[in-house]
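Trainee: here is my input; please provide its structure:
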Amino acid sequence: MRNTRALAVAGAAVAALGLSAPAAVAWDTPSNITALPSVIAPGGQLTITVDGCRGGGTATSNAFSPTRLSPVGGGGKGNEGDRGGGGNGTARGTAVINSDARPGSYDITVDCNGRQMTRPQAFTVIGGVRGGIGGSSTTGATPTDMAIGGGLVAAALVGGGVFWMRRRAERRI
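Mentor: Prediction:
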């Protein structure tokens, strides 16, 4: 009976150690890449946050130049509690979207101490706005759209006039 209990305790200890080992190895592996804002115009600033990148690293994309990621968090240097660099193993950087970036979704690839991770479609670049007369002359409402809009405005005017005339007639009674 004692041997069975000892084997059960030893098996539980080995299982607990085996389950905790991947978590310890994953500490230096980048995970959970976050890009904010998720929709941005050319020339805007994009904040990139990466978990599991305690020593910092580099973020790259086709929409911006390589950007340095610095450890986030505090604590002392070399303190056992914060595992070195950032207190929670998070790194952050700010990238400026290229002014000539085309509209669409872009991936972000992060390199933390030689370990890479890519987040597909991490953010979306939207097109710029064309102002002035030129903006409405090449794109915008078609003649059909204008006719429909004009018809709706005319119908609203006629309906409002009829409603107003009926209200005036009701007051006389």
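Trainee: what's the average pLDDT for stretch 141-161?
Mentor: Computed over stretch 141-161, the mean pLDDT rounds to 90.
Trainee: apologies, that question was intended for stretch 69-89.
Mentor: On average, the pLDDT along stretch 69-89 is 57.
Trainee: just stretch 111-129 next, same as before
Mentor: 88.
Trainee: buried residues, the helix or strand that residue 95 is a member of. List them.
Mentor: Secondary-structure assignment from DSSP states H and E places residue 95 in strand 90-96. Judged by neighbour count using 16 or more other C-beta atoms under 10 Å, the buried positions of strand 90-96 are 90, 91, 92, 93, 95. For every residue, glycine as well, the C-beta is placed using N, CA and C.
Trainee: please name every helix or strand in contact with the longest strand anywhere in the chain.
Mentor: If you go by DSSP state E, the chain has its longest strand at strand 115-125. Packed against strand 115-125 by the contact rule (3 or more C-beta pairs under 8 Å, 6 or more residues apart in numbering; DSSP states H and E) you find strand 31-36, strand 39-40, strand 104-112.
Trainee: do that again at 10 Å, thanks
Mentor: strand 31-36, strand 39-40, strand 45-51, strand 57-61, strand 104-112 (3 or more C-beta pairs under 10 Å, 6 or more residues apart in numbering; DSSP states H and E).
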